[in-house]
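Colleague: Dropping the sequence and predicted coords here.
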Amino acid sequence: MTTTTVKGTESPEPKPSRSFLQQLTTGTDWKSAALIPALAVLTALIIGVIIIMLTGSSFGDAMTAYWALLQGSVGSLKAISETLTAATPLILAGLSVAIAFRAGLFNIGTEGQLLMGGMFAVWAGFTFVGLPFYIHLPLALLAGVVGGAIWGFIPGFLKAKTGAHEVITTIMLNYIALRLVDFLLKTEIFQREGRNDPVSKTVEASAQLPLLLGWINPGLRVHLGLIVALAAAAFIHWLLFRTTTGFEFRAVGANPKAAQYAGMSITKTYVLVMVIGGALAGLAGAGQVLGVLDRATPGFSSGLGFDAIAVALLGRSNPWGVVAAAVLFGGLSAGGQQMQVSADVGIDLISVIQALIIIFVAAPALISAIYRLKAPVASTQISKGWGS
Amino acid sequence: MELELRGITKRFPGVLANDDVNLTARSGKVLALIGENGAGKSTLMNVLSGLYHPDQGEILIDGVVHQFPGPGAAIAAGIGMVHQHFMLIPVFSVFENVVLGVEPTKAGGLMDRKKARSEVKEISSKYGLAVDPDAMVESLPVGIQQRVEIIKVLLRGAQILVFDEPTAVLTPQEVEEFFGIVAELKARGATIIFITHKLKEALAIADDITVLRDGKVVGNADPKTATPEDLAEMMVGRPIDLVVDKTESILGEPVLELVNVTVTDDFGRPYLSGVSFQVSAGEIVGIAGIQGNGQTELVKVITGMMSLADGTVSFKGVDISDFSPRRRHAAGIAHVPEDRNEMGMVGSFTVAENLILDSYYSEPFSKGGRLQRTDIAASAIGLVAAYDVRPPLIENTGSALSGGNAQKMIVAREFSRDVPMLVCAQPTRGIDVGSIEYIHDQIMRKRHEGKAILIVSTELDEIFALSDRILVLFDGKVVAERRPADTTPAEIGLFMAGKST
């Protein structure tokens, strides 16, 4: 049988498999919103144990490694701080991917948008000297937002005007951004005086994101960016579900044709959503350079933009789901360091586990089958609607 | 071969799709299986074709119990399905399509084209299914494509033929020819199961009628004695008035006017050429025609989804040819789109959200860009009650509604605005009899209120029941204009097939 869509929605057959994008964005029932991701994490961790044991370690070694993972992510104030520090850019970048998913776009360009946002922010951070922090910091953050938004606007505009697929254009813009950063860091504007390697000037103290727990211990790196990220999540949630703009985003994402028939402008939506997505990614980049790194170096994004895709998938493109997923990934990354140090299990395992989680989230039928859930998701389409 | 289903029961999570279904299709006879959407026809046929395994019950062919582990087994047992949407490859020739999957081969695994062609010829002459084996399928009219489908199942040895809504895509003349084919197949002893919602056709062609409702067989009817009203009542479970009450209406000013409207595709080929007509207040104009003759494009130019190559569209005396869909909507053109799932609603949105899908931006539903959730909910609760959307749960998703109720939801959204012009494309396509009755009543009510209404429908009965004037669209042109009282479905059918006045 062909895969034409079911016409008669009354037929009691299992619904045809929803589009991949729809699966990612529908989180109305708790099963797809929370249970599947939780089971995906559990399954990935179990496979992680098997991988550790296949490399010649004992089950006990694996448990030691996981204990270190837990210790390193939530075992102490320092660990929690590290987890949240790692989660901060992932929240913002994850939101960037998620809002695009909601509008039916695959924003693979978060990495490049994050880089551009970081470069703009770093520039604003070292250029203006002598400003009070309450002007300089917002200015630098805003610069990051603008940088990211510009980098998001380009693919949005190209899609709206020429139909160029955003996956292609954003991937290319990632390369451009990556190499542009390398190039810029060697220019006089950015390069630190007296250095030959590509390192930017240092961000002024007035533009640095203050540490949240610095008063307890200056080594606790979690910074104000976390609050910014949480505020952004709240804002995006509000935007998506409480405003006409969000209504348009969701309608265009779920059924562009119906949105068009309802008088919405798809092209306008594509441009706007990419600008907002880019702005969020730019803010993520700004948070990294102003809160953690204090400067820009080649590839300072360190793949955050790609992890963000995973975070958005795991969070079902729901803003609060993205926050939860980002914290989980932040914990895995912070705990992974500890695991490497104290259990001698390479941090690469964390990447493997993260990738496994995403595979399981992307294939909910697999998880349903493993745990024998009464599948809400039918994986195959058996027949077209019969009588009409 | 005689086919008997005994006690077929099929459950899906939360749904009892078939509940102890018993039916018999006799050899050399036509069994019409009728029922509304969701009555279980589809499930039953999937059981029969081996796609589903019944939870209980058995399938008997000539008294022998058969089990179908898959579609292959059903075909091997002699069951052939002719689907509503043809499963043909347009760029293959007729005989290539027919032998697809069962190609005769010669040495080296090459297809034996000569043998394939002769097999097709043999069947087509045996059953009187005239078709050129070398014609390209895409070049054939729909009625002939259907013959190719029939030849396909006959070649696979089918003696029990299941037709799913076979007349939905045919012109009245092609329907006559199709009935002739069915008679021929009958005469050769084939067992025919004819699934339809067109009650008149069931009465015209069937020897036995079985009615399904809510997964159960609610009864059998004798086509010699039953009336369409009897069948409709059995299907729906309550008396149904199939006749639309139409009183004389008072014509008002022209509301919509198309002058010489021409629309072309990207290569300059015309979808519509020189279409001109008016719709006045208090009038229903029905556009008849076989699908694909420009109806879709006609609706698109009126609602602003497509731009004109030539001509003008005026609304209340204003040229709106360059208005965006949003502006036309705001100016006062309501639109029930032809495909409710694709164009009319967002399946994953709630009923409340779908009810504001095209007016979400205006007061009272939004203020300063913020959605007013209490007003939206209050309006939705009122509309689902007023337009009989069942279940009346505004937080349900649109896709959870049945076809008829989804359509009522869309009608509620469009009709609840007090606007001068309503464009209804296929307003009752694929929905149950009860909903059709309801929507027709709503359309007539709007006519009495003095609205200008354009109905585009491939259902000739619907066009005749509702219209004050009928225009026939063929190949992008208006080829005839008639008042329903001055014409017959047969005459309109000829125009639909291309006869010019």
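Modeller: Yep, it's here. Numbers count the residues shown, from 1 in each chain, chains lettered A, B, ... in the order given.

Colleague: Let me see the ranges of the strands in the stretch 251-400 of chain B.
Modeller: Ranges of strands in the stretch 251-400 of chain B, per DSSP state E, counting those that start in this stretch, are B:254-264, B:270-280, B:284-288, B:310-315, B:318-319, B:333-336, B:366-367, B:370-371.

Colleague: List of residues touching the fourth one?
Modeller: When contacts are defined by Cβ atoms under 8 Å, 6 or more residues apart in numbering or on different chains, strand B:310-315 is touched by residues B:255-262, B:274-276, B:301-302, B:319-321, B:328, B:331-333, B:421. In short, each C-beta sits where N, CA and C put it, glycine included.

Colleague: And these, which of them are buried?
Modeller: A residue is treated as buried here by neighbour count (16 or more other Cβ atoms under 10 Å in any protein chain shown); on that basis the buried members of those are B:255-259, B:261-262, B:275, B:301-302, B:320-321, B:328, B:331-333, B:421.

Colleague: And the helix or strand hosting A:Trp238, what's buried?
Modeller: Counting by DSSP states H and E, the element that carries A:Trp238 is helix A:225-242. Buried residues in helix A:225-242, counted by 16+ other Cβ under 10 Å: A:225-226, A:228-230, A:232-233, A:236-237, A:239-240, A:242.

Colleague: again, but for stretch B:157-172
Modeller: Neighbour counts using 16+ other Cβ under 10 Å place B:158-172 of stretch B:157-172 among the buried residues.

Colleague: now swap in stretch B:5-19 and tell me
Modeller: By neighbour count, with 16+ other Cβ under 10 Å as the criterion, the buried positions of stretch B:5-19 are B:5-6, B:8-12, B:15-19.

Colleague: Any chance of these in JSON lines with distance to A:Met339, secondary structure and pLDDT as columns?
Modeller: As requested, the buried residues of stretch B:5-19 are exported to JSON lines (distance: Cβ to Cβ, whole Å; DSSP: H, G, I helix; E, B strand; the rest coil; pLDDT from 0 to 100):
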{"residue": "B:Leu5", "distance to A:Met339": "61", "secondary structure": "strand", "pLDDT": "91"}
{"residue": "B:Arg6", "distance to A:Met339": "63", "secondary structure": "strand", "pLDDT": "91"}
{"residue": "B:Ile8", "distance to A:Met339": "57", "secondary structure": "strand", "pLDDT": "92"}
{"residue": "B:Thr9", "distance to A:Met339": "54", "secondary structure": "strand", "pLDDT": "92"}
{"residue": "B:Lys10", "distance to A:Met339": "51", "secondary structure": "strand", "pLDDT": "89"}
{"residue": "B:Arg11", "distance to A:Met339": "48", "secondary structure": "strand", "pLDDT": "86"}
{"residue": "B:Phe12", "distance to A:Met339": "46", "secondary structure": "strand", "pLDDT": "80"}
{"residue": "B:Val15", "distance to A:Met339": "48", "secondary structure": "strand", "pLDDT": "74"}
{"residue": "B:Leu16", "distance to A:Met339": "52", "secondary structure": "strand", "pLDDT": "83"}
{"residue": "B:Ala17", "distance to A:Met339": "51", "secondary structure": "strand", "pLDDT": "84"}
{"residue": "B:Asn18", "distance to A:Met339": "55", "secondary structure": "strand", "pLDDT": "89"}
{"residue": "B:Asp19", "distance to A:Met339": "57", "secondary structure": "strand", "pLDDT": "89"}
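
Colleague: The residues you listed: which ones sit near chain A?
Modeller: Judged by Cβ under 8 Å from any Cβ of the partner chain, the overlap between the buried residues of stretch B:5-19 and the neighbourhood of chain A comprises B:12, B:15, B:17.

Colleague: So what pairs up with the second one in the strands?
Modeller: Yep, that's B:Val15 we're talking about. Beta-bridge partners for B:Val15, by DSSP bridges, are B:Phe12.

Colleague: Spell out which residues of the stretch 51-200 of chain B are next to chain A.
Modeller: Taking Cβ under 8 Å from any Cβ as the criterion, the stretch 51-200 of chain B approaches chain A at residues B:51-52, B:83-85, B:87, B:164-165, B:168, B:195-197.

Colleague: List buried members of these by neighbour count.
Modeller: Those of those that meet the buried threshold are B:51-52, B:83-84, B:164-165, B:168, B:195-197, by 16+ other Cβ under 10 Å.

Colleague: distance between the ends of stretch B:126-133?
Modeller: The stretch stretch B:126-133 measures 14 Å between its terminal residues, going by Cα to Cα, to the nearest Å.

Colleague: gap between that stretch and the chain center?
Modeller: Relative to the centre of its chain, stretch B:126-133 is centred 27 Å away, using Cα atoms, centre = their mean, to the nearest Å.

Colleague: which residues sit in contact with the nearest residue to A:Val145 once chain neighbours are set aside?
Modeller: Computed as Cβ to Cβ, 6 or more residues apart in numbering or on different chains, the closest residue to A:Val145 that is not its neighbour in sequence is A:Ala279, at 4.6 Å. The neighbourhood of A:Ala279, defined by Cβ under 8 Å, 6+ apart, consists of A:96, A:117, A:145-146, A:148-149, A:152.

Colleague: What pLDDT does the model give A:Ala279?
Modeller: Looking at A:Ala279, its pLDDT stands at 97.

Colleague: what about the nearest residue to B:Tyr361 once chain neighbours are set aside, how many neighbours?
Modeller: For B:Tyr361, ignoring the flanking residues on the chain, the nearest one in space by Cβ to Cβ, 6+ apart is A:Thr244 at 5.1 Å. A count of nearby residues for A:Thr244, using other Cβ atoms under 10 Å in any protein chain shown, gives 19.

Colleague: And A:Arg372, by the same measure?
Modeller: Look at A:Arg372: counted by other Cβ under 10 Å, it has 7 neighbours.

Colleague: and the gap between it and B:Gly57?
Modeller: If you measure A:Arg372 against B:Gly57 using Cβ to Cβ, to the nearest Å, the figure is 26 Å.

Colleague: number of nearby residues for residue 282?
Modeller: Since you didn't name a chain, this refers to chain A. By the other Cβ under 10 Å criterion, the neighbourhood of A:Gly282 contains 35 residues.

Colleague: meant chain B actually
Modeller: Around B:Gly282 sit 21 other residues, with neighbours defined as other Cβ under 10 Å.

Colleague: B:Ala204 too?
Modeller: 12.

Colleague: from what I can see it touches B:Val182, true?
Modeller: No. Taking contacts as Cβ atoms under 8 Å, B:Ala204 lies outside contact range of B:Val182: 10.3 Å.

Colleague: With B:Thr428 as the reference, measure out to B:Ala465.
Modeller: With the distance defined as Cβ to Cβ, B:Ala465 ends up 10 Å from B:Thr428.

Colleague: Those two: which has the busier surroundings?
Modeller: For B:Ala465 versus B:Thr428, the count of surrounding residues by other Cβ under 10 Å is larger for B:Thr428: 25 against 21.

Colleague: Who are the contact partners of residue 258?
Modeller: No chain in the question, so chain A it is. A:251, B:342-346, B:357.

Colleague: not what I meant, chain B
Modeller: Under the criterion of Cβ under 8 Å, 6+ apart, the contact partners of B:Leu258 comprise B:275-278, B:301-302, B:311-314.

Colleague: Please tabulate those residues in a markdown table, including the columns distance to A:Val327.
Modeller: Converted to a markdown table, the contacts of B:Leu258 look like this (distance: Cβ to Cβ, whole Å):
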| residue | distance to A:Val327 |
| --- | --- |
| B:Val275 | 60 |
| B:Ser276 | 65 |
| B:Phe277 | 63 |
| B:Gln278 | 64 |
| B:Val301 | 52 |
| B:Ile302 | 52 |
| B:Gly311 | 60 |
| B:Thr312 | 59 |
| B:Val313 | 55 |
| B:Ser314 | 59 |
